[in-house]
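# structure here, sequence nowhere to be found:
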């Protein structure tokens, strides 16, 4: 395969993943957006986390809700857990890497909040730990996953939401999670602040 074909293959794979996601997950994405709006209207907050490249998705969600998506509007309460290398390394050093999200969640999370987890389905004990802590604190979960849900899916409860990307590779999963993040932000803006841009 030459370089031109390689680039075309990336675009083709992306388009196929986006089309499959659109065909099968639009209602689930809409439902997740409604759940986030209800959380915010009830005076609660959104917490978010992910590992590696998926931490970028979590930080994107936080940035778009704290600042803006496409319009000027008030900041919304969202926290990207363990954001910053000082916090992350302090917790990992003094406790264990499994605690990097669970410990901040225990300090900052309250019943009625929502935890948004980004994962490609790889084994991640720190995500398992934060899911357990969220359930203990009566915090519902919206999990964006891939790879048949990986280790995250079996830990979710019926009251949680899983948006499982129909892809196996981390690149396709992340690209689609970024688009879903934009959809969620737009759904929140439309429901809280009306239709005009």
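All right, it came through fine. Everything quoted here is computed from the prediction, not taken from an experiment.
# tell me which residues in the helix or strand of the chain with the lowest mean pLDDT are buried?
Counting by mean pLDDT, DSSP states H and E, the chain has its least confident helix or strand at helix 85-94, which shows a mean of 76. Buried positions in helix 85-94, judged by neighbour count with 16 or more other Cβ atoms under 10 Å: 88, 91. Where you see a C-beta, it was placed from the backbone N, CA and C, and this is true even at glycine.
# the helix or strand just after that helix - contacts with which helices or strands?
Stepping forward along the backbone from helix 85-94, the first helix or strand reached (DSSP states H and E) is helix 102-108. Contact here means 3 or more Cβ pairs under 8 Å, 6 or more residues apart in numbering; DSSP states H and E; on that basis helix 102-108 packs against helix 85-94, helix 125-136.
# can you tell me which of these comes nearest to residue 103?
Among the helices and strands packed on helix 102-108, helix 85-94 comes nearest to residue 103, with 5.3 Å by Cβ to Cβ.
# now the closest one: how far from the chain's centre is it?
For helix 85-94, the separation from the chain centroid amounts to 22 Å (computed by Cα atoms, centre = their mean, to the nearest Å).
# state which helix of this structure is the longest.
With residue count as the measure and DSSP state H as the assignment, the chain has helix 3-41 as its longest helix.
# helix or strand right after that one?
Scanning the chain past helix 3-41 towards its C-terminal end, the next helix or strand to appear is strand 46-50 (assignment: DSSP H and E).
# can you list the strands that that next one pairs with?
For strand 46-50, the paired strands and their directions (DSSP bridges) read strand 78-80 (parallel), strand 114-118 (parallel).
# ok so, going back, how about the longest helix of the chain: buried residues?
Buried positions in helix 3-41, judged by neighbour count with 16+ other Cβ under 10 Å: 14, 17-18, 21, 25, 28-29, 32-33, 35-37, 39-40.
# residue ranges with poor pLDDT in this protein?
Per-residue confidence for the chain (pLDDT under 70) gives these ranges: 95, 195-197.
# out of the strands paired with strand 46-50, which comes closest to residue 99?
Closest approach to residue 99 among the strands paired with strand 46-50 (Cβ to Cβ): strand 114-118, 15.2 Å.
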